[in-house]
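**Q** I need the structure of the sequence given here:
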Amino acid sequence: MPAGGGRHGGNPSKKDEAADADTAKTGRRQSGPNSARASAKNRTAVLKRGHGDARRLAKDNKVISGGSNHLEFHTRLGGRHHICRTGRGHIPRRRAHLTQELGDSDAAFMAQIEEFGIRAAGIHRNPGAKELMHQTVKRGEGSICSTGSITVNTGRYTGRSPDDRFIVDDETTHGTVDWGKINHGFSPEKFDALLDRMKEHARGKELFVFDGFAGADPEQRLPIRVINDRAWQSLFSSCMFIRPTSEELKAHRPELTVLCTNDFDAVPERDGTRSNAFIIINLSKRIVIIGGTRYAGEIKKSVFSVMNYLLPDRGVFPMHCSANIGKKDNDTALFFGLSGTGKTSLSADPDRMLIGDDEHGWSDDGTFNFEGGCYAKCINLSREAEPEIWDAIRPGAVLENVALGPGNVPDYSDSSLTENTRAAYPLEHIPGARIPSVGGNPRVVVFLTADALGVLPPVSRLTADGAMYHFMSGYTSKLAGTERGIKEPKSVFSECFGAPFMPRPASVYAKMLGEKIARHKSSVYLINTGWSGGPYGVGKRISIKYSRAMVTAALTGSINDAPYVHNNLFNLDVPSAVDGVPPEILDPRNTWECKDTYDATAGKLAQMFVDNFARFTGVPPNIIAAGPSPDAAS
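**A** Residues are numbered from 1 along each chain as shown. Prediction:
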């Protein structure tokens, strides 16, 4: 893998330079392969603390403490004495020369870091993937497996820890956040004290900074900064978020800062946390602090939560979904669902271009990805079933908690560390990915659920009212490993198919969805990727091959060619035939050996829907009536 400062590194080619010129004209291309290589021209800023207040600033990311080919000069900046190293052939002696020599962006970066209160021994700013992989191995954080990707073990925390996530309760958020068992309040004073302790803990350490964006649409994107004490987590951020061009990096001013120090543990009695681990979001100060956990998914989901709070005020609907677009018709499709339901797998389609696999916004202009990469579950991954994801795991990717066999070959069937094995990789690792990752207004919307009870139909068509009902319900099963403590599937209702990441009340997001699908006449389908023939432990998971066939039928419209049968119990319209799917599985009752047991289990789930929906107030009667009817025969 070539060295350099871009996502893949390497020296820019003429083709890359042409891509940069195109970016400068349009302002809309995100960090695809060309722009990533072009950003190799960005020099990594390495801020090095020496004796007392002296620091060295190296502009070549291969140099931390300087070398014989780098000249040293002294100057003063902000009232402090600095020792700076440069590869240029002269030694400037005045502050004006410092700005000219280092560039305004380097000086601005230094000032921003100082203003934030970081006093580190060294700071690596936006290194290339090759350098971060090198640092990961050098620092003993991980190893390189046979695919060429980095593999790491996240230790005690192998999934999100929702009970350790907090939002600061202050004047801004007190009346706008949906407080409860998901959004836990946190004292502003406790937050400030904990942040100060984290900054002190970082003093004298070597840190890694990723500067980039959340949001592929330049009109809606959020400039972010992620500060890590692990090289591999900076590579993760480089995969997951949108990398800036060289010009964007020069002008970068973060509007959200994430400080993640893995080896800093909270003291609950002193800090007000639940355990040693914490994820605390301060929406007023636009700061997220994470400690006590090495699970990188907390970084990604914290940024997502912030976007989900901010965007509704701009009229943009934030969504926990994947998205792709047709190569011929440019028809956009959305796939809503919690982790493990198939968002990533089903949106990676060789006949369509991937927009993104997890987090998107829907504005008046269309849809756009929040991220620059994918974070796929890879338990039992195979090339036959998911070739795009399999091939995406190559140099520049990160494998979390994947066991290695002989020859450092990943064993994707091994769940000894966790069921929640993960792969993070940049979007351009998927062939034909949409760069920039933006699309039009969706023609098809798919709600994905993984029903562990095995009673929901594999596919059904929803009315407009039914779409609202099921969006607010968000029924699925939490799958093993996706959250700490989940060992086997557990039926849950997660409103908006993403309750853990939605700070505002569900009604805010539901109203936006209803308005969008009505305005653009989007067709909505409910696809169950869970169990058939019985519940978890008895039945089998519905084949992804069949789920893909159902999605294809929905996208092409062929799903409407066959007659529909109304399921009275769940109040759903079910097709009697779908190309590529055995017709007998379309009615789940047919797949159960004991029909009475099916009827009892299905009735139980229908009542669970009703009981869950009762907690929503002020819902129009037509939406309530679109839900299941426990007293009706299936």
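**Q** quick one: the helices in the stretch 251-400 of the chain?
**A** Counting by DSSP state H, counting those that start in this stretch, the segments of the stretch 251-400 of the chain that form helices are 268-271, 297-310, 343-347, 387-392.
**Q** again with the stretch 451-600 of the chain
**A** Using DSSP H, counting those that start in this stretch, helices in the stretch 451-600 of the chain cover 464-473, 506-520, 544-556, 595-613.
**Q** and the angle from the shortest one to helix 506-520?
**A** Helix 464-473 and helix 506-520 are oriented at 150 degrees to each other (axes from the mean of the first three to the mean of the last three Cα atoms, to 10 degrees).
**Q** need the mean per-residue confidence for helix 464-473.
**A** For helix 464-473, the mean per-residue pLDDT is 95.
**Q** going forward can the numbers begin at 45, since that is how I track them
**A** Got it, first residue is 45 now, which makes that one helix 508-517.
**Q** mind giving me the packing neighbours of that helix?
**A** strand 488-493, helix 550-564, strand 567-572, helix 639-657, helix 665-668 (3 or more Cβ pairs under 8 Å, 6 or more residues apart in numbering; DSSP states H and E). The way it works is simple: take the backbone N, C-alpha and C, and place the C-beta from them, glycine included.
**Q** deepest-packed of these, please.
**A** Among the helices and strands packed on helix 508-517, strand 488-493 has the highest mean neighbour count (mean count of other Cβ atoms under 10 Å), at a mean of 25.
**Q** distance from the chain centre to it, please.
**A** A distance of 18 Å separates the C-alpha centroid of strand 488-493 from that of its chain, computed with Cα atoms, centre = their mean, to the nearest Å.
**Q** direction included, what does that strand pair up with?
**A** strand 376-380 (parallel), strand 567-572 (parallel) (DSSP bridges).
**Q** format these as a markdown table; extra columns: mean pLDDT and distance to Lys584.
**A** Written out in a markdown table, the entries for the strands paired with strand 488-493 read as follows (pLDDT from 0 to 100; distance: least, Cβ to Cβ, whole Å):
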| stretch | mean pLDDT | distance to Lys584 |
| --- | --- | --- |
| strand 376-380 | 97 | 22 |
| strand 567-572 | 98 | 13 |
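**Q** could I get these as a markdown table with distance to Met397?
**A** Shown next, in a markdown table, are those (distance: least, Cβ to Cβ, whole Å):
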| stretch | distance to Met397 |
| --- | --- |
| strand 376-380 | 10 |
| strand 567-572 | 20 |
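**Q** quick one: closest of these to Val609.
**A** Between Val609 and these, the shortest gap by Cβ to Cβ is with strand 567-572, which sits at 14.7 Å.
**Q** tell me which of the helices of the stretch 295-444 of the chain is the most buried.
**A** helix 387-391 (a mean of 26).
**Q** show me what it is packed up against.
**A** strand 361-370, strand 376-380, strand 396-400, strand 417-421, strand 488-493, helix 588-600.
**Q** just give me how far it sits from the chain centre.
**A** Worked out by Cα atoms, centre = their mean, helix 387-391 lies 13 Å from the chain centre.
**Q** one step back: the helices of the stretch 295-444 of the chain: which one's closest to Ala275?
**A** Per Cβ to Cβ, nearest to Ala275 of those: helix 341-354, 14.0 Å.
**Q** which other helices and strands contact that closest one?
**A** Using 3+ Cβ pairs under 8 Å, 6+ apart: helix 341-354 touches strand 250-258, strand 266-272, helix 275-284, strand 300-305, strand 322-326, strand 331-335, strand 361-370, strand 403-407.
**Q** quick one: which of these is nearest Arg487?
**A** Closest among these, using Cβ to Cβ: strand 361-370, at 8.9 Å.
**Q** also compute the angle for the closest one relative to strand 403-407, please.
**A** Using the same axes, to 10 degrees: strand 361-370 against strand 403-407 is 100 degrees.
**Q** flag every buried residue along stretch 215-227.
**A** For stretch 215-227, a neighbour-count test (16 or more other Cβ atoms under 10 Å) marks 217, 221-223, 226-227 as buried.
**Q** then stretch 412-427?
**A** Quick answer for stretch 412-427 (16+ other Cβ under 10 Å): 412-423, 425.
**Q** in JSON lines: those, plus pLDDT and distance to Pro298.
**A** Formatted as JSON lines, the buried residues of stretch 412-427 follow (pLDDT from 0 to 100; distance: Cβ to Cβ, whole Å):
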{"residue": "Phe412", "pLDDT": "98", "distance to Pro298": "20"}
{"residue": "Asn413", "pLDDT": "98", "distance to Pro298": "19"}
{"residue": "Phe414", "pLDDT": "98", "distance to Pro298": "16"}
{"residue": "Glu415", "pLDDT": "97", "distance to Pro298": "17"}
{"residue": "Gly416", "pLDDT": "97", "distance to Pro298": "16"}
{"residue": "Gly417", "pLDDT": "95", "distance to Pro298": "19"}
{"residue": "Cys418", "pLDDT": "93", "distance to Pro298": "23"}
{"residue": "Tyr419", "pLDDT": "94", "distance to Pro298": "22"}
{"residue": "Ala420", "pLDDT": "92", "distance to Pro298": "27"}
{"residue": "Lys421", "pLDDT": "92", "distance to Pro298": "30"}
{"residue": "Cys422", "pLDDT": "93", "distance to Pro298": "31"}
{"residue": "Ile423", "pLDDT": "94", "distance to Pro298": "35"}
{"residue": "Leu425", "pLDDT": "96", "distance to Pro298": "35"}
